[in-house]
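J.: Requesting a structural model of the entry that follows:
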Amino acid sequence: MDEKQPIQKNHKVSLNARSSAAITGVKDVLSFDAGEVLLETEQGILMLRGNDLHVNRLTLEKGEVDVDGKIDSLTYSDSNNYGKSGESLISRLFK
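T.: Residues are numbered from 1 along each chain as shown. A predicted model of the protein is given here:
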């Protein structure tokens, strides 16, 4: 009973009219610019793509991120594939 099981934290994405997103369960912000935001979440890598994207609120202690702008897509990839040598990030995301 001394074994510690990893606790699965909650992850939630709330999208409002494709103009704002509130995301919880965020472990890290991997990159962001006006066209793409890349997040490591409890459920894998999450890529938000769109136009005029802005990270308005970032609270990694609580695992919360708010993004505003025109959101065109949300794409998940398993986080255990992240960081494989010899592969580009895009090729790992679209396997």
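J.: quick one: low-confidence parts of this structure?
T.: Across the chain, the ranges flagged by pLDDT under 70 are 1-8, 79-95.
J.: Strands of that one, residue ranges please.
T.: For the chain, strands defined by DSSP state E occupy the ranges 12-16, 20-24, 26-32, 36-41, 44-59, 64-77.
J.: So what are the sheet partners of the last one and their directions?
T.: Spelled out, it's strand 64-77. strand 20-24 (antiparallel), strand 44-59 (antiparallel) (DSSP bridges).
J.: report the angle between the axes of the last one and strand 26-32?
T.: Right, strand 44-59. Angle of strand 44-59 versus strand 26-32, following axes from the mean of the first three to the mean of the last three Cα atoms, to 10 degrees, is 90 degrees.
J.: Counting neighbours, which bits of strand 44-59 end up buried?
T.: Gly44, Ile45, Leu46, Met47, Leu48, Gly50, Leu53, Val55 (16 or more other Cβ atoms under 10 Å). C-beta: built from backbone N, CA, C; applies to glycine.
J.: still on that earlier bit, and of the strands paired with strand 64-77, who's closest to Leu30?
T.: Proximity to Leu30, assessed across those by Cβ to Cβ, is greatest for strand 44-59 (7.3 Å).
J.: Now tell me what touches that closest one from outside.
T.: Identification of contacts with strand 44-59 by Cβ atoms under 8 Å, 6 or more residues apart in numbering yields 13, 18, 21, 23, 29-30, 32-40, 64-79, 81-82, 93.
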